[in-house]
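Chemist: the following block contains a protein sequence and its predicted model.
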Amino acid sequence: MNAVILTGASRGLGLALATDLALAGTTVVGVARKESEGWCALAARCPGSVHFIAADLSSAGALSALMPAALAALSGQRLRTLALINNAGVVTPVARVGEADPAQTAAALHINLLAPMVLTGDFIRLSEGLADDRRVLNISSGAAVKTLPGWAVYGATKAGLDHYTRHAAAEAAQRGKGLRVVSLYPGVVDTDMQATIRSSDPDAFPDRPAFEALKRDGGLASPADTARRIVTYLFAPSFGSTPVDDIRTASA
């Protein structure tokens, strides 16, 4: 049996990932602030194979208990592959340097960077011996390597996530215990995050027209299609061969 712990599971790409995984027979432990209608519908459709943990990843105090609770939900199962997908993320604050709200900046650092770091570390430490094959997939963004005015905070958190992943992947290779870690760019997906981007103040985010054009011209990938590609990538034998990868160009 395969099992996946998934943050940001209640909507958007996270819900699409949970759906694809659960319908394929994978046990999913979803983490989000609250259950959505979509998540409840999935739970009713796949009783016993989806579990939910309510957690606010912007709160550092909530992180220490999260991985033990997620692994406890999987206790007693014989697992072939156990994976963690750090999918939760926020694009706010969209603001030029010096104009970002400090509270929003702190929340972005917690959700986009601190939470994946803590959860990855806890997963590696606490899941040892629970499955021969363990995988961590951090959902990153091309913003990690592109410079877009207004996205200093978002880009910095994703760049930090990528480099943390490189370190974790190098250490995993040294451990030699069936552990692999990857940071993946999912492409531009039609989610609520894109709606937030299109509603940004154009003075704070001059590239807004380009994102409006992506929506208008059908340039956004659907969450369902992207989720299918990511799940295939996650379980591919070659997973982990490239520590920082892009789903649009990946060979897996």
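Modeler: Perfect, thanks for sending it. If you're wondering where the values come from, they're calculated on a predicted model, not measured in any experiment. Numbering: from 1, shown residues only.

Chemist: off-centre distance for stretch 2-17?
Modeler: 8 Å (CA atoms, centre = their mean, to the nearest Å).

Chemist: pull the CA atoms of it into PDB?
Modeler: What follows is stretch 2-17 as a C-alpha-only set of coordinates in PDB (Å, rounded to 0.1, in the frame of the first residue of the first chain):
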ATOM      1  CA  ASN A   2       1.100   3.600  -0.700                       C
ATOM      2  CA  ALA A   3       0.400   6.500   1.500                       C
ATOM      3  CA  VAL A   4       0.900  10.300   1.100                       C
ATOM      4  CA  ILE A   5       0.800  13.100   3.600                       C
ATOM      5  CA  LEU A   6      -0.300  16.200   1.700                       C
ATOM      6  CA  THR A   7      -0.500  19.800   2.900                       C
ATOM      7  CA  GLY A   8      -2.800  22.400   1.300                       C
ATOM      8  CA  ALA A   9      -5.100  19.500   0.600                       C
ATOM      9  CA  SER A  10      -8.500  21.100   0.700                       C
ATOM     10  CA  ARG A  11      -8.600  23.100  -2.600                       C
ATOM     11  CA  GLY A  12      -6.900  23.900  -5.800                       C
ATOM     12  CA  LEU A  13      -3.900  21.700  -6.800                       C
ATOM     13  CA  GLY A  14      -3.900  20.100  -3.400                       C
ATOM     14  CA  LEU A  15      -7.400  18.800  -3.700                       C
ATOM     15  CA  ALA A  16      -6.700  17.600  -7.200                       C
ATOM     16  CA  LEU A  17      -3.700  15.700  -6.000                       C
END
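
Chemist: as a whole number, average confidence for that stretch?
Modeler: The average pLDDT within stretch 2-17 is 98.

Chemist: for the helix or strand of the chain with the lowest mean pLDDT, packing partners?
Modeler: Taking mean pLDDT, DSSP states H and E as the measure, the chain has helix 60-63 as its least confident helix or strand, at a mean of 88. For helix 60-63, the packing partners by 3 or more CB pairs under 8 Å, 6 or more residues apart in numbering; DSSP states H and E come out as helix 115-126. C-beta coordinates here come from the backbone N, C-alpha and C atoms, glycine included.

Chemist: chain center to the helix it packs on: distance?
Modeler: The answer for helix 115-126 is 13 Å, by CA atoms, centre = their mean.

Chemist: can you check stretch 132-143 too?
Modeler: 7 Å.

Chemist: before we move on, the earlier item: may I see the buried residues of the next helix or strand after the least confident helix or strand of the chain?
Modeler: Next helix or strand after helix 60-63 toward the C-terminus (DSSP states H and E): helix 66-72. Using 16 or more other CB atoms under 10 Å as the test for burial, helix 66-72 gives L66, M67, A70, L71.

Chemist: export helix 66-72 as CSV, just CAs?
Modeler: Only the C-alpha atoms of helix 66-72 are listed here, as CSV (Å, rounded to 0.1, in the frame of the first residue of the first chain):
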residue,chain,number,x,y,z
LEU,A,66,1.6,17.7,12.9
MET,A,67,3.9,15.0,11.6
PRO,A,68,3.4,12.7,14.6
ALA,A,69,-0.4,13.1,14.1
ALA,A,70,-0.1,12.4,10.4
LEU,A,71,1.9,9.2,10.9
ALA,A,72,-0.4,8.1,13.7
